[in-house]
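In: Compute the structure for the input listed below.
(2 chains)
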Amino acid sequence: MDPRTKAAARRRKRNTRKAQARCAPPRKRRRKLRRQACLRRVKPRRSRTPELQPIPPAPGSPPGFQLRSPIAVYSGPFGVRQAERLLWRAGFGPSPGHAQALAAMGLHRAVAALTRPDGPATLTGAEPTDGDGNPLAPEDAYGHDHLWWLDRMVRTSQPLVERMTLVWHDWFSTSNDGVGQQSLMLAQNELFRRSAFGSFDQLAHDVTQDPAMIVWLNLNENSRWSPNENYARELMELFTLGADRGAYTEQDVRNLARALTGFDFEWSDELGMYDFRYVPARHDNGSKTVFGQTGAFTWEQGVAMCVHHPMHPSFFVNKLWSYFVATPPSDSDRHALESLYASGGYQVRPVLEAILLHPDFHTGPRMVKPPVVYVAGLLRMLQRSIDGEYWIWYSDGAGQRLFYPPDVSGWDDSRWLDTSTVRGRFDVVSQGLSDRYLDGDAVDNYDETETPEGAVAAARAWAGDPNLTAETVGVLTAFAASALAGAGGWQLSTYRGLRQNALRHLILASPDYQTS
Amino acid sequence: MANCGCNDYSRTQLLRRAAAQAGQGLPAIEAGMPLPAGTGLTRRSFVSRATGLALSVYGAASLGPKAFEHGIAAAAAQAPASDPILVSIFLSGGADALTLLAPTSAHPQYAAWRPTLALPAGQGIPLTEDPSLRFHPSLGGIAELYGEGKVTVMPAVGYDDANQSHFTSRHYWEVGEVNPWGRWGWLGRYLDHHGVADNPLQGLALGWDLQPSLAAHDVPVATVGQPDNYDFWTPGVWGEVQDKMLDAFGDLGDPATSDAGLAQARTAVAATGRLRDQLAPYPGGFTTPAGVTYPNGDFAGRLRALAAMVDGGLPLKVVAIESGGYDTHSNQLDSLPGDLLEIGNSLRSFQRDLEARGIQDRVLVHVWSEFGRRPEENGSGTDHGAAGTGFLIGSKAKGEMVGEFPGLAVLDEDDNLRNTSDFRGVYCALLEQWLGVDAAPIIPNASSFTRPALVA
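Out: Numbers count the residues shown, from 1 in each chain, chains lettered A, B, ... in the order given. Okay, here's the model as predicted:
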């Protein structure tokens, strides 16, 4: 049987399962919990997980240490609010005490602590489980790939390494919907992780012979007898050069596809897809004309020509910048970063450090947190570990399922929020708080003298004092006042307890908390 | 794009800016805004007649009375029962025109281009208007409606110098012009001119993502993944406090801000609060008329919900649904017929549902894809092409073919199918003949496009 036929069959089966499962577990759980909460007699079962330790920042450089940047560097105060944004955008938000620790280091050492971590990452806290107490099986069990990576995001001592892994996952967007073998997706994930700050030249080379990519964009079907343009086109359009800029022509697509011929793999029932390799006999040895140059280009040469193309540095700088800053770079800043990038051998880290130091990063408009960043950050704040498969569905409902980007162009960062995904984020908070809310005596005997302002202050402190605007505090305070309207007798305590639960929920679901 | 080098920006960046600006343009929804008057009896009969869901509504514990009253009043008051509704069905990935409408041996090149993928002679359902074309057997549902005069076929719709990138070409179709820097969806522009400031349901994407064709500059639009399940779970909060909490959640979206990122988040939260009110009548699910059955799957489920929502008087104007899986670079015979069967049968069920409800004259369905695929197969699949197949389905569809099949003897400069109708002309005709508005402010250079006759 043709391996692809088999893969497609399994894919369909999985998709059906996915569609069925998409909302079922949370709904079921939700109804149950809501019923319990409404009856107020049954205490929801609390399976509180062991607390994680606060994650210390990686050891920094000595005091007075300065990073280099060819563009402007932020020179304002670097306090907890600035450290908080840095941790959200270059990681997954602060765990308790993390922003304060980073602020104490100053801007340069704080950035270096993220971009120049020492040694291998450590994972602190309880190991993830599937909800029945079993360890995860990320290569085999459906959805455990997502849980495995989400857990790393929550527990790692090197958050920017994971965040850059997520950037590359979006940049070289590959979906297991098309690959159909989680072990290949995880191997690609390791490639992205070890390429976090390294050479893009090397990464483009490595990703071209990455098994998941070979399957995803049909490189194995690209042979000298029947060229398949899929990878050649996306390599130029989405990975290195960009569409509609005049960087390449349709003829370049066809000729580059010929240069990229030769990959193949084997299939067996036990191993699935295996033995990914380059087969010289499948390669088109003929002469090709790409970007106006003619030669019998190999696949390695074809990939390198895209990275060394004069229009690649501007594509790279703009795209990398866009992951971290809401507004585009000025022309002069972009040109300076292009030079830094091209003259430095296509190294990622120097460009990244310059972006993280730039005033626009620290003072520009907020950015919407990607859903998985929002989920991981919430869990870091709550010091919760992964204790069930339901986190797959909550992340999915909020709009982001790891290893399943919507297509080869990755997730659309401009469209994270709509009426479906906002509700999905609300549900994420519901699940996050499901074993944390005040209940029983804590509600019935709640301080019946607490003022609306006092209630909001208590909820903010409980939520780790995230950066809330005055307008949001105003809406929260107005709600806190209205929630007690007409209450009397037993309600004076109980409603204040419910109000505290509601305020914590509203803070974590607020537009302010969904952005950084 | 004021400060650039436009062509230095990726589509993502462009759209990010676009979304930020949309956020600034959106109106705040004010708490305590008065309800439309005079809807008392209407809303009562609306609920019971439309879906028989009255009991379910009252049984929906998480929805407060305020949200319920507000949702019914808004829906009943804002949706005149005669307004036309346009449904846009996007077959993403590039659906293969030579499979949807397979040529017969009258086009001898077909067998040569498609040695393994060609539909065998004798299979398929010939078109009366051009017997050299056959509906693929898996599109029997659409062929059946075609036989009843309810389908307008566009055998080669597209645009000249077709772009073979998925993202660029679908962008053109979405913004309604051949312009990579267009920022607003063509349906969104329609709503900017003819929609209202406080009804997100006027532009509804049924699915998990907003459809870019709906991206509007000034007015809110909505997406709903599961129209019958839009309630909120609030652990540890119940009763009156919960009602006020959920209202407060929408209120968090109200304040104006000059920060574009925050504005985007607030706009989405405000729209979510509004939508929660509007969907209040449907928390328990939808009923389908006796005798109407739908296939399984998300796509059919969305059409089924849509029929009930139209019948229930929800204030819809344009609806967009995406169904993917058409990028058949490989294994085309393995995947494409199943996908087409689901689409064709679902659309037939939708039409039967509308007919059973007596609202078939209110809805027109437009089926499109960003391009067709290359006539020459690549082994087990096909690569990106140019002109593709489109359908208009509905009781009011004129049912006359738009543009002829261009044949395979002469292809374009990239060896792809030539177009014989332009998607922008189709858009102009839909706006003018179906939605009854002037196309000029909505489709750039509208006067330059020939309008096919689309509506009976």
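In: lowest-pLDDT helix or strand in chain B?
Out: Sorting the helices and strands of chain B by mean pLDDT, DSSP states H and E puts helix B:54-59 at the bottom, at a mean of 19.
In: Oh, that last question was meant for chain A, not what I typed.
Out: Lowest mean among helices/strands of chain A [mean pLDDT, DSSP H and E]: helix A:24-39, a mean of 32.
In: Number of residues surrounding B:Ala260?
Out: Neighbours of B:Ala260 under the rule other C-beta atoms under 10 Å in any protein chain shown: 21. In short, each C-beta sits where N, CA and C put it, glycine included.
In: same deal with B:Glu413?
Out: Number of residues near B:Glu413 (other C-beta under 10 Å) recorded here: 9.
In: Over to A:Pro120?
Out: With other C-beta under 10 Å as criterion, A:Pro120 counts 8.
In: Quick check: which element contains A:Thr294?
Out: strand A:293-295 (DSSP states H and E).
In: do whatever helix or strand comes next after that strand and chain B meet?
Out: Remark: after strand A:293-295, the chain's next helix or strand is helix A:299-307, criterion DSSP H and E. No. Using C-beta under 8 Å from any C-beta of the partner chain, helix A:299-307 stays clear of chain B, coming no nearer than 15.5 Å.
In: Tell me the residue of the stretch 351-500 of chain A that sits nearest chain B?
Out: With C-beta to the nearest C-beta, the shortest gap between the stretch 351-500 of chain A and chain B falls at A:Tyr437, namely 3.0 Å.
In: which residues does the closest residue to that residue other than its chain neighbours contact?
Out: The spatial neighbour of A:Tyr437 that comes closest, neighbours along the chain excluded (C-beta to C-beta, 6 or more residues apart in numbering or on different chains), is B:Gly236 at 3.0 Å. When contacts are counted by C-beta atoms under 8 Å, 6 or more residues apart in numbering or on different chains, B:Gly236 touches A:Ala37, A:Leu433, A:Tyr437, A:Leu438, A:Asp439, A:Val443, A:Leu498, A:Asn501.
In: Now that we're looking at residue 60, what pLDDT does it have?
Out: Assuming you mean chain A. Looking at A:Gly60, its pLDDT reads 63.
In: that's the wrong chain, I wanted chain B
Out: The model's pLDDT for B:Ala60 equals 20.
In: now swap in A:Gln53 and tell me
Out: We have a pLDDT of 48 for A:Gln53.
In: helix/strand/coil for the residue nearest to A:Tyr437?
Out: B:Gly236 falls in the coil class when you classify it by DSSP: H, G, I helix; E, B strand; the rest coil.
In: Could I get the pLDDT score of the closest residue to A:Ala243 other than its chain neighbours?
Out: Nearest non-adjacent residue to A:Ala243, counting by C-beta to C-beta, 6+ apart: A:Glu237, 4.7 Å away. A:Glu237 carries a pLDDT value of 95.
In: Wait, A:Glu237 touches A:Glu250, no?
Out: No. Using C-beta atoms under 8 Å, A:Glu237 is not in contact with A:Glu250, being 11.5 Å away.
In: And these two? Which one has more around it.
Out: For A:Glu237 and A:Glu250, the more surrounded residue by other C-beta under 10 Å is A:Glu237, and the numbers stand at 25 against 14.
In: The contacts of B:Gly236: which two are farthest apart?
Out: With C-beta to C-beta as the measure, no two of these lie farther apart than A:Leu433 and A:Val443, at 13.8 Å.
In: ok, so what distance separates the closest residue to A:Asp140 other than its chain neighbours from A:Pro211?
Out: The shortest distance from A:Asp140 to any non-neighbouring residue, by C-beta to C-beta, 6+ apart, is to A:Gln182 (6.9 Å). Distance, A:Gln182 to A:Pro211, by C-beta to C-beta, to the nearest Å: 12 Å.
In: residue of the stretch 301-450 of chain B with the smallest distance to chain A?
Out: Counting by C-beta to the nearest C-beta, the stretch 301-450 of chain B gets nearest chain A through B:Gly379, at 4.5 Å.
In: need the next SSE after the host helix or strand of A:Thr477, C-terminal direction.
Out: If you go by DSSP H and E, A:Thr477 is part of helix A:470-482. Using DSSP H and E, the helix or strand that follows helix A:470-482 in sequence is helix A:491-509.
In: Would you map the strands across the stretch 101-250 of chain B?
Out: B:101-103, B:125-126, B:133-135, B:151-158, B:203-206, B:222-224 (DSSP state E, counting those that start in this stretch).
In: any chance of the ones you listed in TSV, with mean pLDDT and distance to chain A too?
Out: Formatted as TSV, these follow (pLDDT from 0 to 100; distance: least, C-beta to the nearest C-beta, whole Å):
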stretch	mean pLDDT	distance to chain A
strand B:101-103	98	22
strand B:125-126	98	26
strand B:133-135	98	24
strand B:151-158	98	16
strand B:203-206	86	8
strand B:222-224	76	5
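In: I'd like those laid out as a markdown table, including mean neighbour count and distance to B:Met401.
Out: Listed next are those as a markdown table, based on neighbours: other C-beta atoms under 10 Å in any protein chain shown; distance: least, C-beta to C-beta, whole Å:
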| stretch | mean neighbour count | distance to B:Met401 |
| --- | --- | --- |
| strand B:101-103 | 26 | 10 |
| strand B:125-126 | 16 | 13 |
| strand B:133-135 | 24 | 9 |
| strand B:151-158 | 26 | 5 |
| strand B:203-206 | 28 | 29 |
| strand B:222-224 | 25 | 34 |
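In: Output those as a markdown table; include the columns distance to B:Phe249.
Out: What follows is these, written out as a markdown table (distance: least, C-beta to C-beta, whole Å):
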| stretch | distance to B:Phe249 |
| --- | --- |
| strand B:101-103 | 49 |
| strand B:125-126 | 52 |
| strand B:133-135 | 48 |
| strand B:151-158 | 43 |
| strand B:203-206 | 21 |
| strand B:222-224 | 16 |
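In: Give me the pLDDT for the closest residue to chain A within the stretch 101-250 of chain B.
Out: In the stretch 101-250 of chain B, the residue found nearest to chain A is B:Gly236; the distance is 3.0 Å by C-beta to the nearest C-beta. Looking at B:Gly236, its pLDDT stands at 94.
In: same thing with the one 3 residues further on?
Out: If you check B:Gly239, the pLDDT there is 87.
In: Next one: it from B:Arg276, what distance?
Out: 18 Å.
In: Those two: who's more crowded?
Out: For the pair B:Gly239 and B:Arg276, the greater number of neighbours falls to B:Arg276 (24 against 15), based on other C-beta under 10 Å.
In: Pull the contacting residues for the nearest residue to B:Val175 once chain neighbours are set aside.
Out: Nearest residue to B:Val175, sequence neighbours excluded (C-beta to C-beta, 6+ apart): B:Gly182, at 3.3 Å. Going by C-beta under 8 Å, 6+ apart, B:Gly182 touches B:His171, B:Tyr172, B:Val175, B:Gly176.
In: dump the residue contacts of the second one.
Out: Contact analysis of B:Tyr172 by C-beta under 8 Å, 6+ apart lists B:Tyr159, B:Asn163, B:Val178, B:Asn179, B:Pro180, B:Gly182, B:Glu370, B:Phe423.
In: Can the helix or strand that A:Val375 is a member of be said to contact chain B?
Out: Here A:Val375, judged by DSSP H and E, is contained in helix A:371-382. No. Counting by C-beta under 8 Å from any C-beta, no contacts exist between helix A:371-382 and chain B, the nearest distance being 11.0 Å.
In: Surely A:Phe276 is within a strand?
Out: Yes. Counting by three-state DSSP, A:Phe276 is located in a strand.
In: Let me know how buried B:Ala197 is, in neighbour terms.
Out: 11.
In: hang on, I meant A:Pro359
Out: A count of neighbours around A:Pro359, defined by other C-beta under 10 Å, yields 14.
In: ditto for the one 4 residues further on
Out: A:Thr363 has 11 neighbouring residues, counting by other C-beta under 10 Å.
In: again, but for A:Glu453
Out: 13.
In: Repeat that for A:Arg499.
Out: Neighbour count of A:Arg499, defined by other C-beta under 10 Å: 29.
In: I'd like to check which residues are in contact with it.
Out: A:Arg499 neighbours (C-beta under 8 Å, 6+ apart): A:Ala455, A:Ala480, A:Ala483, A:Leu484, B:Val241.
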